[in-house]
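> I'd like to go over a predicted model; first the sequence, then the structure.
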Amino acid sequence: MERQQYVERCSELFAVGGYEAVRAAAEAGLEECGPDAVLYRWLGQAHAAEDEEDHDREAEAAYRKGLALAADDLGLLVSYLELCLRSDSFDHPGRARRAVALQERIEELAPPGSTERRRVDDATGWAGRGYWDDLNVAVVQGQAQQAATAEQSVLVTDALRRAARGEAEEDTGEDLQAAELAAAVELLQGARNAPLRLILAHRVEAYVLTFVASFGLNKALVWSGVLDFSLWGWLFWVPMLVAEAKLRRAKKLGQERVIARIQARHDETRLHSQPENKHL
């Protein structure tokens, strides 16, 4: 198989969060095609995306191998810079020093307004944030998460209603959101999940009522003298936590299925191409 095919595989799998599969594809490409800067970049990005210390070390090793082959590869330079900037300068002083040299080299190579320059600006802006900047970003992210949660509730509820009406399910294919919705419908079927479906259909109201009930029960038990300190009210949160866990599981299950379908397509394509190569 050609190098470009491995690169395309890495790109497709990375887009749906299949970082382990990206690493496997990149390593297979490096083994078959030999050292390649682009494949090392994908290998490094797939490690860096895990955001764990061990993976960061593997990502750095991949970036350095790639830069040894192509010292001016902007994709590698920017990816390595992002890794260095997010690392703790006390634990990894070497990365902090390299970040300066990497940024200078990128500014020499990348024209103003380019994608690489924008990525550098985003990375340096993130690294240079103070407390109030972090607070503002947290507020914006919280609002975005709240909007995404509300949209998710609507989509899941609509999908459950269609399933209840007996409407035929469409093949989700490699559509990540559709696969996640299909998984949610699958996990929330049945009479025992009826309370969870009700919670998701009225998610905001459920959170408000749960808070009021939890706070009220704890206060009532304390004020009545039954207990000096109460945590019993927290039991009201159990159904909410179960509902959220179902959605997280559906998201993971949908992602796993999409990754498996993409990999199956890749394997099928490779099998079909083998007879042609032999014939040639």
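The structure has been received and is ready for your questions.
> burial check on residue 155, number of neighbours?
Neighbours of residue 155 under the rule other C-beta atoms under 10 Å: 15. C-beta here means a position set from N, CA and C on the backbone, and glycine is covered the same way.
> that one and residue 182 touch, don't they?
No - using C-beta atoms under 8 Å, residue 155 is not in contact with residue 182, being 11.2 Å away.
> got the confidence number for residue 272?
Reading off the per-residue confidence, residue 272 sits at a pLDDT of 72.
> for the strand or helix carrying it, which helices and strands make contact with it?
Following DSSP states H and E, one finds residue 272 within helix 238-279. For helix 238-279, the helices and strands in contact under the criterion 3 or more C-beta pairs under 8 Å, 6 or more residues apart in numbering; DSSP states H and E are helix 3-15, helix 19-33, helix 176-187, helix 194-201, helix 203-223.
> can I get these in JSON lines with distance to residue 53 and mean neighbour count?
As requested, the helices and strands packed on helix 238-279 are exported to JSON lines (distance: least, C-beta to C-beta, whole Å; neighbours: other C-beta atoms under 10 Å):
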{"stretch": "helix 3-15", "distance to residue 53": "21", "mean neighbour count": "18"}
{"stretch": "helix 19-33", "distance to residue 53": "16", "mean neighbour count": "19"}
{"stretch": "helix 176-187", "distance to residue 53": "28", "mean neighbour count": "20"}
{"stretch": "helix 194-201", "distance to residue 53": "36", "mean neighbour count": "17"}
{"stretch": "helix 203-223", "distance to residue 53": "35", "mean neighbour count": "14"}
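> what residue ranges in the stretch 151-280 of the chain are flagged as low confidence?
Across the stretch 151-280 of the chain, residues meeting the criterion (pLDDT under 70) sit at 273-280.
> got a list of contacts for stretch 142-154?
With C-beta atoms under 8 Å, 6 or more residues apart in numbering as the test, stretch 142-154 has contacts from 200-201, 203-204, 247.
> how near is residue 235 to residue 214?
With distances defined as C-beta to C-beta, to the nearest Å, the gap from residue 235 to residue 214 amounts to 8 Å.
> in stretch 111-129, what's buried?
Along stretch 111-129, the positions that meet the burial threshold by neighbour count (16 or more other C-beta atoms under 10 Å) are 116-117, 119-120, 123, 127.
> and if you look at stretch 54-61?
55-56, 58-60.
> quick check: the farthest pair among the residues you listed?
By the measure C-beta to C-beta, 55 and 60 form the most distant pair in those, at 9.8 Å.
> mind listing the helices for the stretch 1-150 of the chain?
Listed in chain order, the helices of the stretch 1-150 of the chain (DSSP state H, counting those that start in this stretch) span 3-15, 19-33, 37-48, 53-69, 74-86, 93-109, 115-127, 131-164.
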